[in-house]
Structures are given as structure tokens and as C-alpha cells.
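Q: My questions concern the predicted model and sequence given below.
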Amino acid sequence: MSRGQKLVVLTVLTFIALCIVGAQFSGHNGDAAGTQTGTISDYQTATNPPDVQPGTDVPLSQAGINQLANEAGHLRISVNFTWLLMTGYLVLFMQVGFALLVTGLTRAKNAGHMMMMNIASFAIALIAYFAVGFAFHFGGVAPVANLGGLGPLSGIFPHGNAGLIGTHGFFLQSGHGYDVGVLAMFLFQVVFMETAGYIIIGAIAERISFAGFILAEVAMGAVIYPIYGNWVWGGGFLAHIGQSMHLGHGAVDFAGSGVVHGTGGWAALALAVILGPRVGKFNKDGTPNAFPGHNLGYVVVGTLVLVFGWMGFNPGSTFGATDLRISVVAVNTLLSGCFGTVTAMAWTNAKWGKPDISMTCNGMLAGLVAVTAPCAFIAPWAACIIGIVAGFLVCYGVWFFDHVAHVDDPCGAISVHGVCGMWGVLSVGIFADGTYGDKWNGVNGTVKGLLYGDVGQLGAQVVHAVVGMAWAFGITYLIFKVAGRFMQLRVSESAELEGLDFSEFGSVCYPDFVVVTTSGSGHAPGHSVADARPIEPALMTRPGTVAGTEPDGSAV
Amino acid sequence: MRLVTAVVKPFKLDAVKEALQAYDVHGMTVSEVRGFGRQRGHTEVYRGAEYTVDFVPKVRIEVVTEDADAESVAEVIVAAARTDRIGDGKVWITPVDALIRVRTGERGSDAL
């Protein structure tokens, strides 16, 4: 028999066998429809009340009803824990997206350095947040009803409307912090902190020393992010300006346009200013040169991974699947992201004649960042408008920091997360439509923006945006100005030209290829890439492919 | 013995290869190279900043031939690689002092 005949015989025999199985066993099912699984018998199996025969009735007594209520309460919190942890895992996956995004947007000679920063930031910032950051952030957040109250997290300094810093939960132990609710909260919040921690990588890429980078991550996990987070999310004073100053519901930031993205973006600005631009980025007259990213495929895949993770970032911020607003949150998030994408595509096409791939990806992220604060409080039409505005803002932002401010931000982190984060915070105060958020921050009534009659809410959002920017930029600038006196924050110029992979880590990301740097249009005199030696001999693993090859008299 | 070296547009590699095979050339060496001639590089915009691609990707083809065949081989390559657009490349012929087949040690025309 040939192989083809054998295959035919095998297929026929399999077919006959499956038919026999079907004929023999049909009608002998378990609970195939799923209607008999999860009934009173499961309730009794789980709780086993003493005065009831298993599988019959729940007793009509106070004890029986209490049993039932206990079971319902446990189920509610279990569903919420599952939701919180699963969405937390989605947010964790965003780290993958960001690693691909920022590595793709930078040059091949620094690809290992970019990836190393992403893995190192994860571990270092997590440890800092575990030790002190979480306690500073959420040490006084109780009560959180969706997670069973979080009773142990009841310490904040000072008390009342002026809270500045949490005091329970250091090392997840102090103040009775060893608690299932507290640790579930920790998992969800630490991955949010990681987001702020890796946002800065986009702006410090291709020049920061590894020691300087580690300091940045420790500062982000222990101080910069948690303390501002406390003010808005942890029961601090910005959450209370609704009560203390009658500004709407106080600072409202559903999933962190300001707390997470704004903090990351403005800290990134401070770091980019202190580090200065990459060698050859700006000409003497201030015009920028382009350093094209080495893998736009990474950029697109990374962006799509981030979109996927955002489906945990925003809907997870309800802290529970029992809050059915999650569907609105998720759809608003996607709408804004897609409108941001299309806007950036159209804008770059109109301005430069072709839609720019990496700016289109930045447009997607801009829409997502902006809708992160308002996503739970707005109607779908408003999400679309927020996305469109964010798409414009990110394009203008990248242009502004390149052509006007002359701040070198290789991946657009400041524009995407800082500028669009600020827009997201303000948009709550404009578009919140009063369908959600009753008793938010302890203020009665739902959250309404300017268009729905509450000017005070916009005022609170302005305070949130301004204080957030001042804190993140100010404290980061201060820390690194001081640190710069004692340590080298930036690699040497020769290391930068050679590529940080080799100088910082002793191994290159792409050892099998000749890494050739595309120069900027740096023909201006002075400090330009054209003057720089493109590659060190150590990296020339396959020499002889770069030389000029069209000898038409003009020497190369 | 002559070495015919051609630098042509990458997408013309297949056309050149087929033309040379039709001419009964037994072997060739191909490498990816970059360079510019009279067309210079070209300018693109990336995230709003302009940059110039100074060295345009090309393919270099090398063929060793008998003295008498060199001109014809060059003509075949030129005909196959031409698009009449700027940046089509160059072909040049250089003398070869010696030629040795590594496997057998044959020399000269026997090694072709």
C-alpha cells in the first residue's frame, strides 16, 4: 500500500470508529447542558449546615438564611477576586507589549539595552513597591467594598481630608497586611505601578547608564508613583477636595490617565531634560534628525499587545466583575483607541504625504491613555471625541518636543502618556454624563462633567492635572539633580556611538548581523551623526558590506 | 580571464541570473551591498523629522569569464538589469591574474 492509500484507510477507519462511539453512547450523557451543575447540592456540599438533609431544602430559619447570605457574599467576593487577578495578569502582559514597542522604536545597536531595561524595571520596581511603595500608596485606602473591605489598610497620615501618605502594609506585613484582600489588591496595583515604571524607558532610551536607570526604577516604585497615587486613589487630599473644597467629587481618575500615565510621562520629561538629547539628535540650529526605529514590526505587535492588556487595565479598575459597568468601560476604551489611531494616521498623511507607521501606533496608545480616566463615566460618543483629540495631541506633542522644546524623546513617551494623560484627566470634568459614580470619593450623587452641569468637577480635574504634573516632574527632577552629583547618569559618548548593548552589558542583541546605523540628515556642521563613526570594529562581524559600491568617479 | 562585476537594483537580480544562465554562464557570486552613484540617496520623514538614506541597497554580482566572453557577459547583464531609471547601477570588467578551483586545484580556464 502506498502512503496515500494508508492515509485513506486510516481516515475511513477513524470515521467508522467515531460513528460507533456516537451510536453507542448517545443519550447516556452527564449534565451536557450545564443546567444541573451548581445547585443547592453544591451549596450544601460547601457549607454543610448541620440541621439539613444533604440535597433537599435550605431551612427557613435565621441560621439557614444567614448561611445562604454568607454563601452569596463569599461568592460575590470570589467573583471579584477572580476578575481582579485575571485583569491584573492582563495588565502584567502589557509589559511584553511595551518591551516590543520601545525596542522597535530604537536602533538595533541598543536593542539588548532596551530589553534589559524592561526586564530589570519589572523586578526592581516591584521589589521597591513591595517594600514601601504599596504601603505609601494604599496603606489607608479602606474600605473597598468590592474586595471585602480591605480592613487592614486603615492607616493614613494625616487623618481627615489632608491625607498625604499611607502607613499600613509595609512588606505586606505591617498593620495586619498579610490578608487575602490586601494581597489581591497588591497584585493588581503593582502591575499598574510597573506601567508608570516602564513608560519612562521610552524617553531615557539609548543613553541612560544602567545605574541611573536602576535609581529611576527604585524611585518610581517607592516614592514618585505611590505618593501621588495615595493623593488620588489612596484616600489622600486630592480625593477629598470634593468634600473639603466642594469641587465635584474631588479628583476622579478611574484607571489612571493621571495617576499612572501622567506620572510616568512627566517623570519621563524630567529625565529626558536632565539626560539631554542623544548624540546627533539635534543640529546646531535646533532642527531634529530622525533616528528611525529598527523594527516597525515590533512596534505594531507591541501596540496591539498593549491594546489587549488595556482590556484589563480599564475594566479591571472596577475591582470587581459584580460591577456591570465593565462592558461600558471596555467598549469606551476600544472606541477611543481606534479613533486616536485613525486621527494620527490621517494627520501624518496630511502633513507629510504618507501615514507614519510608528505615529499611527502612538495614536492608538494616545487614545487609550486619554480614555483611561474617563472610561467609566462617559457615553460612547464622548469616548470617540476624546480619542480624536488625543490623536491630534500626540502628533502635535511629538512635533512640539522635537521642533520647539528640543527634548529628545525617542518613543514619544512624554506626548503619549504625559500630554494625553493630562487630557484624559480633564476630559472627566467635561464629558462625565452622570450615569455612574454615585458616592465616588464619598460625595453623594453621580459624577457629572461640565457638559452635564457640574463646573466644580472640571475644577477638581484641573487641580489633579496640575498637581500631578508638578509632583512627578518636580520630584523626579530633584532626585536626579541631586543624584547626578554623585553618580554618572549617562553613558559616555563613545559608548553611545558604539551602542549600549556592548558597552553596558557586554553582549549584543543581534550578534549574527552587521549593525548599520542609518544616519540622520546630519549634514549640518558640528555635532551630527554624519561626523560620528558609525560602528566600532568589535561589532563588525561581517565586514565589507558597507563600502561604497558605485564607482562612477565620486568616491564614497 | 576577466572578472565582470555588476552592481544593480536588488529586484533585478532574478532577471540578471536568468539571462546569464541562458547565456550558459556556469556560476556567479552575489552579495548585498549599499552605495550611491549619481542618484545620491533619498529623503524620508520619520515621526516628523527628515532623514536621508545615503546608501541605497544594491546587489553586487560577480562572474569570472574567458577574456573573449567578458564583453558579451557584460552586455547580457546590462540588457537584463536596465530599467532606464536613475540608480540602475554599473558593470565593470577587470583582468584576473589567476583562477584556482579549490576542490581539484585546477587552474586557469579549467577552473571556470
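A: Perfect, I can see it now. Treat the numbers as computed from the prediction; the structure is a model and nothing was measured.
Q: tell me the centre residue of chain B?
A: residue B:6 (2.4 Å; Cα atoms, centre = their mean).
Q: Surely that residue and residue B:93 touch.
A: No: with contact defined as Cβ atoms under 8 Å, residue B:6 and residue B:93 do not form a contacting pair (9.9 Å). Yep, even glycine has a C-beta here, placed from its N, CA and C like the rest.
Q: Common neighbours of these two, please.
A: Counting by Cβ atoms under 8 Å, 6 or more residues apart in numbering or on different chains, the contacts common to residue B:6 and residue B:93 are residue B:74.
Q: show me where the stretch 51-200 of chain A has helices.
A: Applying DSSP state H, counting those that start in this stretch to the stretch 51-200 of chain A gives helices spanning A:62-104, A:111-128, A:134-138, A:180-199.
Q: by contact count, what packs against the third one?
A: Pointing back at helix A:134-138 there. For helix A:134-138, the elements it packs on are strand A:165-166, helix A:180-199, helix A:225-233, judged by 3 or more Cβ pairs under 8 Å, 6 or more residues apart in numbering or on different chains; DSSP states H and E.
Q: which residues sit against the last one?
A: Read it as helix A:225-233. Here helix A:225-233 has contacts from A:129, A:132-134, A:136-141, A:156, A:163-166, A:189, A:193, A:196-197, A:236-239, A:251, A:253, A:256, A:258-260, A:263-264, A:464, A:467-468, A:471-472, using Cβ under 8 Å, 6+ apart.
Q: Could you turn the buried ones of the residues you listed into a ChimeraX selection?
A: Per 16 or more other Cβ atoms under 10 Å in any protein chain shown, the buried members of those correspond to this ChimeraX selection:
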select /A:129,132,133,134,136,137,138,139,140,141,156,163,165,166,189,193,196,197,236,237,238,239,251,253,256,258,259,260,263,264,464,467,468,471,472
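Q: need the residues of chain B near chain A, please.
A: B:7, B:31-38, B:43-55, B:58, B:60, B:89-90, B:92 (Cβ under 8 Å from any Cβ of the partner chain).
Q: ok, 6 Å please
A: B:7, B:33, B:35, B:37, B:45-52, B:90 (Cβ under 6 Å from any Cβ of the partner chain).
Q: Neighbour-wise, which one of these leads?
A: In terms of neighbour count, residue B:47 stands highest of these at 26 neighbours, by other Cβ atoms under 10 Å in any protein chain shown.
Q: remind me, longest helix of chain B?
A: Ranked by number of residues, the top helix in chain B under DSSP state H is helix B:70-81.
Q: In terms of pLDDT, where does residue B:56 sit?
A: At residue B:56, the pLDDT value in this model is 88.
Q: Count the residues that sit near it.
A: Residues near residue B:56, counting by other Cβ under 10 Å: 19.
Q: cool, residue A:39 as well?
A: 11.
Q: Quick one: mean pLDDT for the longest helix of chain B?
A: 95.
Q: for stretch B:98-105, same thing?
A: For stretch B:98-105, the mean per-residue pLDDT is 94.
Q: cool, and stretch A:407-426?
A: pLDDT averaged over stretch A:407-426 gives 96.
Q: just stretch A:244-260 next, same as before
A: Rounded mean pLDDT across stretch A:244-260 is 94.
Q: Can you give me the first-to-last residue distance of that stretch?
A: With Cα to Cα, to the nearest Å as the measure, stretch A:244-260 spans 24 Å from end to end.
Q: One more: stretch A:288-300?
A: 24 Å.
Q: want to try a markdown table for the residues of chain B next to chain A, with pLDDT and secondary structure as columns?
A: Shown next, in a markdown table, are the residues of chain B next to chain A (pLDDT from 0 to 100; DSSP: H, G, I helix; E, B strand; the rest coil):
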| residue | pLDDT | secondary structure |
| --- | --- | --- |
| B:7 | 96 | strand |
| B:33 | 93 | strand |
| B:35 | 89 | strand |
| B:37 | 85 | coil |
| B:45 | 87 | strand |
| B:46 | 88 | strand |
| B:47 | 88 | coil |
| B:48 | 85 | coil |
| B:49 | 86 | strand |
| B:50 | 84 | strand |
| B:51 | 85 | strand |
| B:52 | 83 | strand |
| B:90 | 94 | strand |
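Q: what's the farthest-apart pair in the residues you listed?
A: Within the residues of chain B next to chain A, B:48 and B:90 form the most distant pair, 35.7 Å apart (Cβ to Cβ).
Q: May I have the phi/psi pair for the residue nearest to the centre of chain B?
A: phi -130, psi 140 (degrees, to the nearest 10).
Q: got the contact list for it?
A: Contact analysis of residue B:6 by Cβ atoms under 6 Å, 6 or more residues apart in numbering or on different chains lists B:61, B:77, B:91.
Q: just residue B:23 next, same as before
A: residue B:76.
Q: Try it again at 8 Å.
A: When contacts are counted by Cβ under 8 Å, 6+ apart, residue B:23 touches B:72-73, B:76.
Q: okay but residue A:262 is in contact with residue A:467, surely?
A: No: assessed by Cβ under 8 Å, residue A:262 is found out of contact with residue A:467, at 10.1 Å.
Q: would you list the residues of chain B next to chain A in a markdown table and tack on distance to residue A:405?
A: Shown next, in a markdown table, are the residues of chain B next to chain A (distance: Cβ to Cβ, whole Å):
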| residue | distance to residue A:405 |
| --- | --- |
| B:7 | 43 |
| B:33 | 40 |
| B:35 | 37 |
| B:37 | 39 |
| B:45 | 19 |
| B:46 | 19 |
| B:47 | 15 |
| B:48 | 13 |
| B:49 | 14 |
| B:50 | 18 |
| B:51 | 20 |
| B:52 | 24 |
| B:90 | 46 |
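Q: of all of the stretch 1-150 of chain A, which residue lies closest to chain B?
A: residue A:105 (8.7 Å; Cβ to the nearest Cβ).
Q: which parts of the stretch 301-450 of chain A sit against chain B?
A: A:348, A:351-354, A:356, A:358-359, A:395, A:398-399, A:402-403, A:412.
Q: If you rank those by neighbours, which is first?
A: Going by other Cβ under 10 Å, residue A:412 tops these with 30 neighbours.
Q: Pull the contacting residues for that one.
A: Counting by Cβ under 8 Å, 6+ apart, residue A:412 has contacts A:105, A:202, A:358-359, A:362, A:394, A:397-398, B:47.
Q: same thing but 6 Å
A: A:362, A:398.
Q: can you give me the angle the helix or strand in which residue A:329 is found makes with helix A:62-104?
A: Following DSSP states H and E, one finds residue A:329 within helix A:326-352. Counting by axes from the mean of the first three to the mean of the last three Cα atoms, to 10 degrees, helix A:326-352 lies at 10 degrees to helix A:62-104.
Q: before we move on, the earlier item: any idea how far chain A is from the residue nearest to the centre of chain B?
A: For residue B:6, the distance to chain A equals 10 Å [Cβ to the nearest Cβ, to the nearest Å].
Q: Pull out the buried residues from stretch B:87-98.
A: Buried-residue list, stretch B:87-98, by 16+ other Cβ under 10 Å: B:87-91, B:93.
Q: quick one, longest strand in chain B?
A: Criterion DSSP state E: the longest strand present in chain B is strand B:56-65.
Q: got the angle between that strand and helix B:70-81?
A: Interaxial angle, strand B:56-65 versus helix B:70-81 (the same axes, to 10 degrees): 150 degrees.
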